[in-house]
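> Predicted model, plus sequence, below.
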Amino acid sequence: MSTPNVRPLAAGNWKMNGSSEMTLSLLKGLTERLKSAGGSLAAEILVCPPFPYLAAAIALVDKDIAVGGQDCHPKASGAHTGDVAAAMLADIGCRYVILGHSERRTDHGESSAEVAAKAAAALVAKLTAIICVGETEAERDRGEALKIVEKQIVESLPPAGSASNLVIAYEPVWAIGTGRTPTSDDVAAVHGHIRKLLRTNLADGGQVRILYGGSVKPANAAELMAIPDVNGALVGGASLKAEDFWAIAEACR
Ligand SMILES: O=C[C@H](O)COP(=O)(O)O
C-alpha cells in the first residue's frame with residue numbers, strides 16, 4: 001500500500017536469463033506500453049538484466065525506465081577477476097544495483113557484512129542499493145522469520161544510507177520461483193517490522209521503499225501491493241514477459 005510521499009518501485013530481476021534478442025523485444029514491449037500510458041506510471045520501473053546486456057538495455061530505454069545491475073564488488077577497482085565495480089555500473093548509466101539476493105547469499109556465500117560493504121560502494125558510486133533479505137522455510141517454520149530479517153537488515157545496512165539511496169526487498173526464500181506466497185498478514189507483519197527497524201536506524205526510514213518479492217504475478221500483484229508498507233515489487237520470472245511485468249508495474253501504486 002502506498003506510503004505517503006513514497007513512489008513505488010516495480011523492479012524486474014532477470015537473474016541469469018535473457019539474450020540480445022530478448023533484451024530488445026522485452027524493452028521494446030515495455031517502452032511501447034509506457035508511451036501508450038502517457039510516459040509514466042504511479043510506480044517507477046526498473047529492469048536488472050545480466051551484466052552483458054546492461055549497456056544495450058540502457059541504450060534501448062529512455063530515462064523513464066531505470067536500469068540496474070544484479071551485484072557489484074565492494075572495492076572500486078583492482079585484481080578481482082569476474083567482478084564488476086559499482087562505479088562501472090554508474091558509468092554506463094545504471095541507477096540501481098541489487099545486493100544480497102538470497103541466490104547470491106547461497107550460491108556465493110555472501111554474508112550480510114559483505115552486503116553492507118557492497119552497499120557502501122554502491123552509495124559512493126551514487127547508485128541506489130536494493131538490499132534483499134528473507135527467511136528460509138525452516139526459519140519460518142521455527143517462528144524465526146522476524147528475527148532473521150531483522151539480523152540481515154541491521155547487518156546489511158551501509159553507513160550513510162537513506163531513503164534516497166536505499167531500497168529494501170523482503171523475499172522469503174521459500175516463495176522465490178515456487179508459486180507460493182506468504183499470507184497477507186504474514187507479509188504485513190514482516191514489512192511492518194522492517195519499517196520499524198528503518199525508522200529506528202535511519203533519519204528518514206519512514207520513506208525508504210520496502211519491496212515484496214517472491215512469486216509476484218499479475219494475478220496476485222494487486223492484493224500484495226495493497227498490504228501496508230509494501231511499496232512495490234521485486235519480480236523474477238514474471239519480469240521476463242513484457243505483458244506480465246507491465247501488469248505488475250501497473251498494480252504497484
Ligand atoms: O528477485 C526476484 C525474486 O527472487 C523473485 O523471483 P520470482 O518472482 O521468480 O519468484
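Nice, I can see it. Numbers count the residues shown, from 1 in each chain.
> which phi and psi does the closest residue to Asp62 other than its chain neighbours have?
Using C-beta to C-beta, 6 or more residues apart in numbering and skipping residues adjacent in sequence, the residue nearest Asp62 is Thr31, 6.9 Å away. Placement of C-beta: from N, CA and C, glycine included. Reported as degrees, to the nearest 10, the phi and psi values for Thr31 are phi -70, psi -40.
> Tally up the residues packed near Thr31, please.
17 (other C-beta atoms under 10 Å).
> contacting residues around Leu46?
Leu46 makes contact with Leu9, Ala10, Ala11, Gly12, Ile65, Ala66, Val67, Gly68, Arg95, Tyr96, according to C-beta atoms under 8 Å, 6 or more residues apart in numbering.
> now the residue in the stretch 1-150 of the chain that the ligand sits nearest to: how far from Asn201?
Closest to the ligand within the stretch 1-150 of the chain is Asn13: 3.5 Å, counting by C-beta to the nearest ligand atom. In this view, Asn13 and Asn201 are 25 Å apart by C-beta to C-beta, to the nearest Å.
> higher neighbour count, these two?
Using other C-beta under 10 Å, the more surrounded residue of Asn13 and Asn201 is Asn13, with 26 against 13.
> which ones are touching the more buried one?
Cys48, Gln70, Ile98, His101, Gly213, Leu234, Val235, Gly236, Ser239.
> I'd like to know which of these are part of helices.
Assigned to helices by DSSP state H, none of the contacts of Asn13 qualify.
> who are the neighbours in contact with the closest residue to the ligand within the stretch 151-253 of the chain?
Closest to the ligand within the stretch 151-253 of the chain is Gly236: 2.3 Å, counting by C-beta to the nearest ligand atom. Counting by C-beta under 8 Å, 6+ apart, Gly236 makes contact with Asn13, Lys15, Ile176, Gly177, Gly213.
> Pretty sure Tyr96 is one of the things Ile130 touches, is it not?
Yes. Applying C-beta atoms under 8 Å, one finds Ile130 in contact with Tyr96, separated by 5.9 Å.
> Spell out which residues are contacts of both of those two.
With C-beta under 8 Å, 6+ apart, Ile130 and Tyr96 have common neighbours Ala11, Gly68, Val167.
> Most neighbours among the residues you listed, please name it.
Ala11 leads the shared contacts of Ile130 and Tyr96 on contacts (other C-beta under 10 Å) with 29 neighbours.
> Can you name the residues that contact that one?
If you count contacts by C-beta under 8 Å, 6+ apart, then Ala11 has 46-48, 68, 96, 98, 130, 167, 169, 211, 232-235, 239 around it.
> now swap in Arg105 and tell me
Here Arg105 is in contact with Ser111, Val115 (criterion: C-beta under 8 Å, 6+ apart).
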